[in-house]
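Colleague: what's the 3D shape of this:
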Amino acid sequence: MSKKYDVVVIGGGPGGYVAAIRASQLGLKTAVVEKENLGGICLNWGCIPTKALLKASELYASIEKAKDFGIKTNGATVDIKKLIERSRDVAGGLSDGVEFLMKKNNVDVFMGTASFTGPKSLQIQLNKGDVEQVVFESAIVATGARPREIKGVFEADGKNVWHYRHAMTPEKLPKSMLVIGSGAIGMEFASFYNTLGTEVHVVEAQSNILPVEDEEVSKLAEKMFKKKGVKIDTSAKVLNLKSLKGSIEVTLELKGKETKSKY
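Modeller: Okay, here's the model as predicted:
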């Protein structure tokens, strides 16, 4: 037998769960379908946990500089497993908070994947294996985005080629790293890994890093990152990636010339 709702929201991220709460507050019987974690990418794999990583790297840098302020230490070491564990705990706690908000506002939550079966009906394949049939008056699709991969060129394997999730849960710190793209996420990862000792190279297709920011901000940020030791190339193109044993060979076009580098 199908369950009936006034509104069904597909996707439990910032857009989806807020819409669901408001719909319920307005007196509509509401449900959310989420296939992974409530809170979406921002809360679980983006804005929030990256800040936990950055805070850890800032503390490490402060300890390293303590001697300049007359404070003696025995040196800092990084327990990457513990560092990542804390970041995931922070995200998990906030996701639990969203779950509480769903209960508080009488929003039903289905953990699974939704498929439309008609203009006002859908089927939910629950993560635990069962199937639910749902009918509704209105649906809100808030499924978010995912990393774009180009077959044969940019395919994340979690070893030599990472997407954001791999970068947030490394088993060990790499000796060197190429960051393709210098938006907010790319530069956050560049900062985190550079601070912890990884040799970082950032390439950006536009003429400035952080291309959606004001040019003055971009120029200042570039100066600061270079001062920290981050190599930056703008107006650059990635032509090819070739996985090798324990490393990756990248063909870049820099200032009209092709170059190959290993990371």
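Colleague: what's the burial count for the residue lying closest to residue 16 once chain neighbours are set aside?
Modeller: Closest residue in space to residue 16, ignoring its immediate chain neighbours: residue 142 at 3.6 Å, by CB to CB, 6 or more residues apart in numbering. The C-beta positions use only the backbone N, C-alpha and C, and glycine is treated the same way. Using other CB atoms under 10 Å, residue 142 is surrounded by 21 other residues.
Colleague: So residue 142 is in contact with residue 13, correct?
Modeller: Yes. With contact defined as CB atoms under 8 Å, residue 142 reaches residue 13; the gap is 6.2 Å.
Colleague: quick one on the thing from earlier: residues in contact with the residue nearest to residue 16?
Modeller: 9, 10, 11, 13, 15, 16, 19 (CB atoms under 8 Å, 6 or more residues apart in numbering).
Colleague: In helices, which of those residues appear?
Modeller: Judged by DSSP state H, the contacts of residue 142 include 15, 16, 19 as members of helices.
Colleague: ranking these by neighbours, who comes first?
Modeller: Neighbour max across the ones in helices among the contacts of residue 142 (other CB under 10 Å) = residue 16, 23 neighbours.
Colleague: what residues are up against that residue?
Modeller: 9, 10, 32, 34, 40, 140, 142.
Colleague: Strands - which of the residues you listed land there?
Modeller: In this view, the contacts of residue 16 that belong to strands under DSSP state E are 9, 10, 32, 34, 140.
Colleague: Turn these into a markdown table, columns for distance to residue 83.
Modeller: Formatted as a markdown table, the ones in strands among the contacts of residue 16 follow (distance: CB to CB, whole Å):
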| residue | distance to residue 83 |
| --- | --- |
| 9 | 34 |
| 10 | 34 |
| 32 | 32 |
| 34 | 27 |
| 140 | 37 |
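Colleague: can you tell me which two in the residues you listed are farthest apart?
Modeller: Greatest spatial distance among the ones in strands among the contacts of residue 16 (CB to CB): 34 and 140, at 12.6 Å.
Colleague: Compare neighbour counts for those two and give me the winner.
Modeller: residue 34 (29 against 17).
Colleague: just how off-centre is the helix-or-strand element of the chain with minimal mean pLDDT within its chain?
Modeller: Here the helix or strand of the chain ranked lowest by mean pLDDT, DSSP states H and E is strand 236-244, holding a mean of 90. Mean-position distance between strand 236-244 and its chain equals 22 Å (CA atoms, centre = their mean, to the nearest Å).
Colleague: If you count contacts, what does that strand end up packed against?
Modeller: Using 3 or more CB pairs under 8 Å, 6 or more residues apart in numbering; DSSP states H and E as the contact test, the elements touching strand 236-244 are strand 247-254.
Colleague: Of all the residues in the strand it packs on, which ones are buried?
Modeller: 248, 250, 252, 253 (16 or more other CB atoms under 10 Å).
Colleague: Which elements pack onto it?
Modeller: Secondary elements touching strand 247-254 (3+ CB pairs under 8 Å, 6+ apart): strand 236-244, strand 257-262.
Colleague: so what are the domain limits for the protein?
Modeller: The record's domain parsing of the chain by automatic domain parsing lists 1-145, 164-262.
Colleague: any idea how far residue 55 is from residue 65?
Modeller: Separation of residue 55 from residue 65 (CB to CB, to the nearest Å): 16 Å.
Colleague: out of the two, which sits in the more crowded spot?
Modeller: residue 55 (15 against 11).
Colleague: per-residue pLDDT, the more buried one?
Modeller: With respect to pLDDT, residue 55 scores 96.
Colleague: Strands of the stretch 1-150 of the chain, residue ranges please.
Modeller: For the stretch 1-150 of the chain, the strands defined by DSSP state E, counting those that start in this stretch occupy 3-10, 30-34, 108-118, 121-126, 131-141.
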